[in-house]
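Undergrad: Predicted coordinates and the sequence they were generated for:
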Amino acid sequence: MSDGLTKPSWASFCVVNRKEATLATADSYLKDKKQTAKFLGVSGGSLERLMRSGLPYVKLNGLVRFRPEDIEHFLEARTRRVEQ
């Protein structure tokens, strides 16, 4: 039975123009704090707390970035399944 909710993914979150698609660069592949907070539906402060509690991130030249697959794994590890 479906509750009408679907699992979000970076593929659906990021709009891609197929006509102009190119190979992803580090800048377009890695997500910044604002993009990640928006994707997760949390505030910047909540994102900071998630980072302290284990949300993986990459620091490049002092900038914090997130890998989409790390976000997916983090969410999957914290997903609670309801048994019927």
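TA: Right, received. Where do you want to start?

Undergrad: Any stretches of this protein with poor pLDDT?
TA: Residues of the chain that meet the criterion pLDDT under 70 lie in 1-27.

Undergrad: now the strands for it?
TA: Remark: strands assigned in the chain by DSSP state E are 58-60, 63-65.

Undergrad: Switch the ones you listed over to CSV; also include distance to Lys38.
TA: From N, CA and C alone the C-beta is placed, and that goes for glycine too. Below are these laid out as CSV (distance: least, C-beta to C-beta, whole Å):
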stretch, distance to Lys38
strand 58-60, 18
strand 63-65, 15
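
Undergrad: any idea which of those strands is most buried?
TA: strand 63-65 (a mean of 15; mean count of other C-beta atoms under 10 Å).

Undergrad: Against which helices or strands is that one packed?
TA: When contacts are defined as 3 or more C-beta pairs under 8 Å, 6 or more residues apart in numbering; DSSP states H and E, strand 63-65 packs onto strand 58-60.

Undergrad: The strand it packs on pairs with which strands, and in what direction?
TA: strand 63-65 (antiparallel) (DSSP bridges).
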